[in-house]
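J.: build me a model from this:
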Amino acid sequence: MAKPRSAAATAALRDGLVIASHGRHCLVETPEGERLICHPRGKKSQAVVGDRVKWQASEDEGTIEQVMERHNLFYRQDEIRTKSFAANLDHVLILIAAEPEFSEHQLARALIAAEAQRITPIIALNKSDLVQPFERAWARLAPYRRMHHGVLPLSLKASGEVDHAALMKLLAGKSTLVLGPSGAGKSTLINLLVPGATALTNEISYALNSGKHTTTSTTWYWVDAERTTGLIDSPGFQEFGLHHIEPMQLAHLMPDIAEHATQCKFYNCSHLHEPGCGVIAQVESPKNPDGAINATRYRIYGELFAELSQSRY
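T.: Predicted coordinates for the structure are as follows:
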């Protein structure tokens, strides 16, 4: 059994915020704005960007002694590993673009992961200056607007000041993780909202890897000098596993499906084939053009249900 920490040792612990990590190294920021490299106590690092921690000084570095209780943890999980993005989030900003065409499957996965952790999602559609591609993409997002997800048009160019102001109003005073596929403009957005972000990333990378340049997986930036608005840059990804979601939990994490899932005849309805299913009755189809559930969204639900069911065996 571990010995109880003495009052003197407890008093020596300081508060910190994890703002970057690489391997077993973390960069921790103190309330005064000081930054230093910290290492976890023990063999495994459990701290992620956004964690509030208690740390103890050891020469010119520090040791993370305790990770404070999290409000949430945004992560993905496949058959092999779990990848944590960040903790204690207010928003997940999913940045997609009119071109190249975004994957609605990947968008749905990110939204489900956010819903599972009760994190508010914001969908931002970039390249509103590309008129026809933008109109097509905006039409594809109609089901998400009906679900009352924040869907924001963006043009990450000099002409987009109004867009930027609307976005900043949403982000102000919050901690926001930015997700986005390649080509969506994530780096442009980060550098627009955080001038000098690239230089800061390089500086953090060198510090965490003892003088060797590396890419940190996730990095926290302060948008304002008062350090009230945090923006978290995340790595790109090709796949977004949801293996931590139970198949029967899935419908409750998709608002358009969940709205009608309580109207089913059977309490354990999978919403795929059962008679008297309130969800199936609301799916758009040639026979039911006024259905409240978008046919593509329902197809994604079915594919994800099959994927998550298969992963249990």
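J.: from here on, contacts and neighbour counts on C-alpha atoms
T.: Fine.
J.: mind listing what the residue nearest the centre of the chain touches?
T.: Centroid check for the chain by C-alpha atoms, centre = their mean gives V92 as the closest residue, at 4.4 Å. For V92, the contacting residues are A114, I119, T120, P121, I122, T176, L177, V178, L179, by C-alpha atoms under 8 Å, 6 or more residues apart in numbering.
J.: what's the next secondary structure element after the one helix or strand it maps to?
T.: Taking DSSP states H and E as the criterion, V92 maps to strand 91-97. Past strand 91-97, further along toward the C-terminus, the next helix or strand under DSSP H and E is helix 104-116.
J.: hang on, the earlier thing: now do the strand holding V92, average pLDDT.
T.: For strand 91-97, the mean per-residue pLDDT is 95.
J.: can you check stretch 193-205 too?
T.: 75.
J.: and the lengthiest strand in the chain, C-alpha only, in CSV?
T.: Assignment by DSSP state E gives strand 14-22 as the longest strand of the chain. Only the C-alpha atoms of strand 14-22 are listed here, as CSV (Å, rounded to 0.1, in the frame of the first residue of the first chain):
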residue,chain,number,x,y,z
ARG,A,14,1.9,23.0,-7.9
ASP,A,15,-1.1,23.3,-10.3
GLY,A,16,-0.5,23.0,-14.0
LEU,A,17,-2.2,22.6,-17.4
VAL,A,18,-0.8,20.0,-19.9
ILE,A,19,-0.4,22.0,-23.2
ALA,A,20,1.6,19.4,-25.3
SER,A,21,2.9,15.9,-25.1
HIS,A,22,5.3,13.6,-26.9
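J.: which strands and helices sit next to it?
T.: Applying 3 or more C-alpha pairs under 8 Å, 6 or more residues apart in numbering; DSSP states H and E, one finds that strand 14-22 contacts strand 25-29, strand 52-58, helix 197-208, strand 219-222.
J.: only the buried residues of it, if you could.
T.: Buried positions in strand 14-22, judged by neighbour count with 16 or more other C-alpha atoms under 10 Å: R14, D15, G16, L17, V18, I19, A20, S21, H22.
J.: pLDDT weak spots in this structure?
T.: Low-confidence segments of the chain, defined by pLDDT under 70, span residues 1-11, 43-45, 158-163, 199, 206, 209-216, 237, 311-313.
J.: can you show me the helices along it?
T.: 7-11, 104-116, 131-140, 142-146, 161-171, 186-193, 197-208, 255-261, 295-310 (DSSP state H).
J.: before we move on, the earlier item: quick check: angle from the longest strand of the chain to strand 52-58?
T.: On the basis of axes from the mean of the first three to the mean of the last three C-alpha atoms, to 10 degrees, strand 14-22 is oriented at 90 degrees to strand 52-58.
J.: hmm, back to that, in CSV: the buried residues of strand 14-22, plus distance to Q132.
T.: Formatted as CSV, the buried residues of strand 14-22 follow (distance: C-alpha to C-alpha, whole Å):
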residue, distance to Q132
R14, 54
D15, 51
G16, 47
L17, 44
V18, 42
I19, 39
A20, 39
S21, 41
H22, 42
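J.: circling back to that earlier point, so what are the sheet partners of the strand holding V92 and their directions?
T.: strand 120-126 (parallel), strand 175-179 (parallel) (DSSP bridges).
J.: who wins for proximity to V49 among the helices of the chain?
T.: Nearest to V49 among the helices of the chain is helix 197-208 (13.1 Å), distances taken as C-alpha to C-alpha.
J.: ok, P181 - contacts?
T.: P181 is in contact with L95, I96, F102, G236, F237, Q238, counting by C-alpha under 8 Å, 6+ apart.
J.: ok, the fourth one touching A184?
T.: No - using C-alpha atoms under 8 Å, G236 is not in contact with A184; the gap is 10.5 Å.
J.: between the two, which has more neighbouring residues?
T.: Legend: neighbour count by other C-alpha atoms under 10 Å for G236 and A184, higher for A184 (24 against 12).
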